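Q: need a structure here:
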Amino acid sequence: MQTETVSERETEPSRSVPALARVPVCVIAGAVALLLLLTSGRYGFFGDELYFRAAGRNLDSGLADQPPLVPLVARAMEFVFGDWVPGSRLPVIALVMLGVFITAQIAREFGGGRRAQVLAAGVYAVSPFFLYGAGHTLSTQSFDSFSWTLVSWLLVRWVRTREDRMLLFAGLATAVGLQGKAMLVVFWIGIGASVLLLGPRVMLIRKQLWFGALVAVLLAVPWVLWQIQHDWPQIEMTQVVSKEIEASGGSRETFLPVAFTWVAGPLGAILFSLGALALLFAPTLKPYRFYGLATIGIVAAFWYSNGRPFYFAGLFAVCWAAAAVVIEQRAPKARYVPWVAAPIYTFAGILMLWGLPSGPPIWPLSHYKDQPVSPANMQLEEFGWPQMVDAVERAWKQIPESERATTTVLAGHYWQAGALDEYGPERGLPPVHSPHRGYWYFGAPPESATTALVIGYSPEDAENMFGEVEAVTLVDNGHRINNGTQGQAVYICREPKQTWEQLWQATRPLV
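A: Here you go, the predicted model:
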């Protein structure tokens, strides 16, 4: 009883915070948004974006690999902007810009002044993940990392003020965030366990927190019921991701090096580590020790499960803010901090632009000519989708008019299916089908289809499905840019060996 009293006294709320450094933070956020906007249409849609746009047109089929928020956003952007790539990416650009502000606000909640706020906002601005990952393409991780950051700010603010409406807002933000990605559950498990261990335990008995949690659960019910009815494909998706990471050379040994180099960036990695330690041990941040413990636990969980290195990017903002505050408080001569920080941040920005295998799309297409395929260089998968559909169209024109009514299109990869869904109708192609990932749930081809235009399969796989297989053309993006689709064959296949229903049922959709 006495221990609890002491713990609560140690986290007594304070309502005094430094002024917000509006001008420099606005400059940083504006510069990031301008860079992202100017480079957003440099190439084309990323493969996942094409899938989200297709999923937005097939919401009635259910979504196996994520909740509906991102496909809904993709559909809304398509309604407003059509196929204009920068328009489809405006929401994630806005999220990154807001992330800069929220990171500065978290530093402010920790007691950080102008320097700390600028330092925290600055490291967010030069993070590779937010500039050419979450801020460049429409993705579930764009919304997930922002949701973690927003909820974290609300929790930090509650610890300082004890305004219970912050807990309600955190619950409502979680309700929306869970519609983008279920990963927020991991965040709350880590936070809840850490609060139980270190306090402030009173957080867990506030009615507003549980009211917000109830809203989150109710909004998630339709998606959860769909998952239950379909044997939880989301769980299988987790296993698929782990296998993909292993296939691309990833492992527990590479998890942190990749996270610190290509996700946080070198500067972000240093400040993330410093911030996590500060949250655990700095006397001025003692009320927030639970977040430091949760950070270690969540990172360890993703490491152990062989998750993707960017899964814990939503923890960056709080750790960066904590590091910035400690630097401001402990710098022997605070007036020298800007002079030391400026060259470090400039170097980090230059390294982000030119020193990593993937970066903002600032290079001409010739820069990528003849480069080897690399899973680390995701920019390569923004090229060549219209040209791939052109190849399928060439094959389509070789099919006799009398046979076209019974012809379908079959894609072996969900990115390819998304591209055919995006660009195929204007070329007069039949609807595309794919047994890969979430596309499996959009349905099999009609049984009347006895001919198929097939892409994304090996000759052996095509011959296992059809009695007659003919390779008629190759995909060529015209720039000698090597990616997952360049050089693939397009087949005209006839005489299917099974009914489409049998083929679909025999195919594991998330492999």
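Q: please count neighbours and contacts with C-alpha atoms only from this point.
A: Fine.
Q: which SS class is the residue most central in space within the chain?
A: Taking C-alpha atoms, centre = their mean, the centroid of the chain lies closest to residue 141, which sits 1.8 Å from it. Classification of residue 141 using DSSP: H, G, I helix; E, B strand; the rest coil returns helix.
Q: gap between the two ends of stretch 301-321?
A: End-to-end span of stretch 301-321 (C-alpha to C-alpha, to the nearest Å): 23 Å.
Q: swap that for stretch 368-381, sorry
A: Note: stretch 368-381 ends 11 Å apart using C-alpha to C-alpha.
Q: low-confidence ranges, this protein, go.
A: Where the chain drops to pLDDT under 70, the residues are 1-15, 61-62, 246-250, 331-360, 374-376, 508-511.
Q: could you pull out the strands for it?
A: Listed in chain order, the strands of the chain (DSSP state E) span residues 407-411, 432-433, 451-455, 466-474, 489-496.
Q: can I get those strands in TSV with mean neighbour count?
A: As requested, the strands of the chain are exported to TSV (neighbours: other C-alpha atoms under 10 Å):
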stretch	mean neighbour count
strand 407-411	24
strand 432-433	26
strand 451-455	26
strand 466-474	17
strand 489-496	22
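Q: so which of those comes closest to residue 203?
A: Residue 203 lies closest to strand 432-433 among the strands of the chain, at 48.9 Å (C-alpha to C-alpha).
Q: helices and strands around that closest one, which ones?
A: For strand 432-433, the packing partners by 3 or more C-alpha pairs under 8 Å, 6 or more residues apart in numbering; DSSP states H and E come out as strand 407-411, helix 414-423.
Q: and residue 131, which of the ones you listed is closest to it?
A: Of all the helices and strands packed on strand 432-433, helix 414-423 sits nearest to residue 131, with 22.5 Å by C-alpha to C-alpha.
Q: quick one: contacts of that closest one?
A: Residues outside helix 414-423 that contact it (C-alpha atoms under 8 Å, 6 or more residues apart in numbering) are 47-48, 50-54, 385-386, 389, 410-411, 431-434, 436-439, 455-456, 485.
Q: over to stretch 112-119?
A: 17-21, 24-25, 103-105, 107-108, 321, 324-325, 327-328, 337-338, 341.
Q: what's the answer for stretch 381-392, then?
A: Residues contacting stretch 381-392 (C-alpha under 8 Å, 6+ apart): 43-47, 416, 419-420, 423-424, 453, 455, 473-478, 481, 483-486, 490.
Q: repeat that for 7 Å
A: With contact meaning C-alpha atoms under 7 Å, 6 or more residues apart in numbering, stretch 381-392 is reached by 43-47, 419-420, 423-424, 473-477, 483, 490.
Q: which one of the helices and strands packed on strand 432-433 lies nearest to residue 378?
A: The closest of those to residue 378 is helix 414-423. By C-alpha to C-alpha, the value is 13.0 Å.
Q: buried set for that closest one?
A: Residues of helix 414-423 classed as buried: 414-423 (neighbour count, 16 or more other C-alpha atoms under 10 Å).
Q: quick one, that helix and strand 407-411 angle?
A: Using axes from the mean of the first three to the mean of the last three C-alpha atoms, to 10 degrees, the direction of helix 414-423 lies 140 degrees away from that of strand 407-411.
Q: how about the spatially closest residue to residue 462 that is not a sequence neighbour: which residues does it bridge to?
A: Nearest-residue entry for residue 462: residue 469, 6.8 Å, with adjacent residues in sequence omitted and distances by C-alpha to C-alpha, 6 or more residues apart in numbering. Per DSSP bridges, the residues bridged to residue 469 are residue 493.
Q: my guess is residue 469 meets residue 490, correct?
A: No. Look at residue 469 against residue 490 with C-alpha atoms under 7 Å: they stay out of range, at 10.1 Å.
Q: quick one: contacts for residue 495?
A: When contacts are counted by C-alpha under 7 Å, 6+ apart, residue 495 touches 450, 466-468.
Q: and the contacts of helix 414-423, which of them are buried?
A: Here, 16+ other C-alpha under 10 Å leaves 47-48, 50-54, 385-386, 389, 410-411, 432-434, 436-439, 455-456, 485 buried among the contacts of helix 414-423.
Q: so of those residues, which ones are in helices?
A: Counted as lying in helices by DSSP state H, out of those, are 47-48, 50-54, 385-386, 389.
Q: of those residues, which is the nearest to residue 130?
A: Of all those, residue 130 sits closest to residue 48, with 16.8 Å by C-alpha to C-alpha.
Q: now residue 212: how far from residue 300?
A: Using C-alpha to C-alpha, residue 212 is found at 27 Å from residue 300.
Q: I meant residue 449, not that one.
A: With C-alpha to C-alpha as the criterion, residue 449 and residue 300 are 49 Å apart.
Q: mind checking which of these two has more residues around it?
A: Shown here are residue 449 and residue 300; by other C-alpha atoms under 10 Å, residue 449 has more neighbours (19 against 13).
Q: phi, psi of the more buried one?
A: Backbone torsions for residue 449, taken as degrees, to the nearest 10, come to phi -80, psi 110.
Q: who's in contact with it?
A: Shown in contact with residue 449 (C-alpha under 7 Å, 6+ apart): 406-408.
Q: format those as a markdown table; extra columns: distance to residue 125.
A: Below are the contacts of residue 449 laid out as a markdown table (distance: C-alpha to C-alpha, whole Å):
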| residue | distance to residue 125 |
| --- | --- |
| 406 | 53 |
| 407 | 50 |
| 408 | 46 |
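Q: of those, closest to residue 145?
A: Nearest to residue 145 out of those is residue 408 (C-alpha to C-alpha; 38.6 Å).
Q: test my guess that that closest one contacts residue 430.
A: Yes. Under the criterion of C-alpha under 7 Å, residue 408 makes contact with residue 430 at 5.7 Å.
Q: summarise which helices and strands the longest helix along the chain is packed against.
A: Of all segments of type helix in the chain, defined using DSSP H, the longest is helix 85-109. Secondary-structure packing of helix 85-109 (3 or more C-alpha pairs under 7 Å, 6 or more residues apart in numbering; DSSP states H and E): helix 22-39, helix 69-81, helix 114-125, helix 140-161, helix 316-330.
Q: list the contacts of that helix.
A: With contacts defined as C-alpha under 7 Å, 6+ apart, helix 85-109 is touched by 17-18, 20, 25, 29, 32-33, 36-37, 40-41, 44-45, 74, 77-78, 81, 116-118, 120-121, 124-125, 130, 134-138, 142, 146, 153, 156-157, 317-318, 321-322, 325.
Q: if we go to 6 Å?
A: Residues from elsewhere that reach helix 85-109, judged by C-alpha atoms under 6 Å, 6 or more residues apart in numbering: 29, 33, 40-41, 77, 81, 117, 120-121, 135, 138, 153, 317, 321.
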